[in-house]
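[1] Below is the sequence, then the predicted model.
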Amino acid sequence: MGRQPCCDKIGLKRGPWTIEEDHKLMNFILNNGIQCWRLVPKLAGLMRCGKSCRLRWINYLRPDLKRGALTEAEEDMIIKLHSQLGNRWSKIAGHFPGRTDNEIKNHWNTRIKKKLKFLGIDPLTHKPIEEINNDDIKQQVSEEINEKVVPEKTLEYTQEQQNSTSSSSINESNNLEMFQNSHTLDMYYPGVEDPFPNWITSPIHNWDLFDNLQDNFL
DNA sequence: AACCAGTCCAACCGCAATTAC
DNA sequence: GGTAATTGCGGTTGGACTGGT
């Protein structure tokens, strides 16, 4: 025989937490700490299972949680870590004190994934998914970089380059860095002086630019 | 004002690893 | 050592919210 079940699911409350439940859980943990999640709801007077209490505490009630939207620097860090660790959200969250794995996972799925796709980067592999070939985007980017004219045939990502970045011999942990290094402005716009020298090779991207592009053209 | 579609995120579910008996 | 409980993680979902028509 093993241990007793963590909770009797019959009669337990589910769904959104009320303020009263939050207060009960918060007060109990702050006063008693956490020895065993199975006992927490019983001792705190909650009709929830321990698993639900744990999730609520970790994702919402912990006093050390950082509130508010993730910063651009945090987004860039998430992308970098994701290229190295994959969907190991708890590991990624470990690099962000006050942020939860759930928060980072949600942010990835709702925002960062879209931005990467918009940039022509596969969020799963961090490799290019298709050549960028949108006249409107070209024009907009052209205006952004001092209204310099974009040459006709400049947005191609050559087969050679694709092969070089998609080769299976490439260590996954280096994918993002290699991709960034291979995607200089000169590649897209040969001969055009780069007004944002770090805009794609640096971990800090100019998301405002892409937000604007997205708003205007998608 | 009503409806619809898209977005966001809290919470749930299922599974695997770990731990206790 | 085997079994079952517990914990932690990642994927998914449902509902609230928002903006457009």
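    Nice, thanks for sending it over.
[2] shaky segments in chain A?
    A:1-10, A:129-218 (pLDDT under 70).
[3] Quickly list the domain ranges of it.
    A:19-61, A:68-218 (automatic domain parsing).
[4] and chain A, which residues reach DNA strand B?
    Neighbours of DNA strand B within chain A, by Cβ under 7 Å from any atom of the strand: A:1-3, A:14-17, A:51-52, A:55-56, A:59-60, A:69, A:102-103, A:106-107, A:109-111, A:114. Just so you know, the C-beta spots here come from the backbone N, C-alpha and C atoms, and that holds for glycine as well.
[5] Show me just the buried residues among those.
    By neighbour count, with 16 or more other Cβ atoms under 10 Å, the residues of chain A next to DNA strand B hold A:17, A:52, A:55, A:56, A:103, A:107 as buried.
[6] Closest to DNA strand C out of the residues you listed?
    residue A:55 (7.0 Å; Cβ to the nearest atom of the strand).
[7] helices or strands next to the helix or strand encompassing the closest one in the packing?
    Assessed by DSSP states H and E, residue A:55 sits inside helix A:50-56. Identification of packing neighbours for helix A:50-56 by 3 or more Cβ pairs under 8 Å, 6 or more residues apart in numbering; DSSP states H and E yields helix A:19-32, helix A:40-44.
[8] right, so those helices: which one is the most enclosed?
    helix A:40-44 (a mean of 18; mean count of other Cβ atoms under 10 Å).
[9] As CSV, could you dump the C-alpha coordinates of that helix?
    Only the C-alpha atoms of helix A:40-44 are listed here, as CSV (Å, rounded to 0.1, in the frame of the first residue of the first chain):
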residue,chain,number,x,y,z
VAL,A,40,-2.9,22.9,2.8
PRO,A,41,-6.6,23.1,1.7
LYS,A,42,-7.8,21.1,4.6
LEU,A,43,-5.9,23.1,7.2
ALA,A,44,-6.7,26.4,5.4
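[10] Any residue of it touching DNA strand C?
    No. Using Cβ under 7 Å from any atom of the strand, helix A:40-44 stays clear of DNA strand C, coming no nearer than 8.1 Å.
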